[in-house]
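In: have a look at this prediction, sequence included:
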Amino acid sequence: MTEIKEKTYLVIVQCHIVQERCSGFHCEKALYDRTGGFAVYPETINFRSLSLTCGGCCGRALHRKLTNLIRQAQKRDGISKEDIVVHLSSCITKDNYHAPTCPHLDYLKTLIGKLGLDLVEDTWISKTAEKRRQEGLYRNNQCMKETPHG
């Protein structure tokens, strides 16, 4: 099995609702800079990346999207699913400015696991949001308190 740091195809999955507001710029920058959830990847590894949404609550569409990716990547470019890693964006895995942690997080993990794909949680880690998590302003799966910025 290929180690995470040696994967050559990264899939970033963003919350469908959050994506209506967020361009994914910070996640892409974290990938480019190899920070946050991408810090494990050496700068010497060249890889391809793809950004998707979960498809909306409950996230079931993600299974179809990833199934299509696995099939097309193998058929068109000889990329095996062992070379693919899925990163669930921080907007899914952590309380943040956009919303609480995704209530379907465990289900998304199950869908990804059923496809035999490796999974990494988190992408960009906001210093402001981390501070607010430490202060207790963000609480898992509850409405957020005063949170004017993310």
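Out: Happy to help now that I have it.

In: next, give phi and psi for the residue nearest to T67 when sequence neighbours are not counted.
Out: Spatial nearest neighbour of T67, chain neighbours left out: L115 (6.6 Å); criterion: CB to CB, 6 or more residues apart in numbering. Any C-beta I mention is one placed from the backbone N, CA and C, and that applies to glycine too. Note on L115: its backbone torsions stand at phi -90, psi -10 [degrees, to the nearest 10].

In: okay but L115 is in contact with R64, surely?
Out: No. In this structure L115 lies outside contact range of R64 using CB atoms under 8 Å: 10.5 Å.

In: quick one: R34 and T44 touch, right?
Out: No. Using CB under 8 Å, R34 is not in contact with T44; the gap is 10.5 Å.

In: tell me which of the two has more neighbours.
Out: Ranked by neighbour count (other CB atoms under 10 Å), R34 and T44 place R34 first, with 13 against 5.

In: which residues touch that one?
Out: By CB atoms under 8 Å, 6 or more residues apart in numbering, the contact list for R34 reads Y41, P42, E43.

In: can we see that at 7 Å?
Out: By CB atoms under 7 Å, 6 or more residues apart in numbering, the residues touching R34 are Y41, E43.

In: tell me the phi and psi of it?
Out: Phi and psi for R34, reported as degrees, to the nearest 10, are phi 60, psi 50.

In: next one: L52
Out: phi -130, psi 160.

In: roughly how far does it sit from E43?
Out: Going from L52 to E43 by CB to CB, to the nearest Å gives 24 Å.

In: quick check: T101 touching T93?
Out: Yes. Counting by CB atoms under 7 Å, T101 does reach T93; the two are 6.5 Å apart.

In: can you pull out the strands in the protein?
Out: Along the chain, counting by DSSP state E, strands occupy 9-14, 48-53, 84-88, 118-121.

In: remind me what the second one packs against, helices and strands.
Out: Which is strand 48-53. With contacts defined as 3 or more CB pairs under 7 Å, 6 or more residues apart in numbering; DSSP states H and E, the packing partners of strand 48-53 are strand 9-14.

In: just checking: what are the partner strands of the strand it packs on?
Out: Paired strands of strand 9-14, with direction, are strand 48-53 (parallel), strand 84-88 (parallel) (DSSP bridges).

In: I'd say I125 and D33 touch.
Out: No. Contact criterion CB under 7 Å: I125 and D33 do not qualify, at 11.8 Å.
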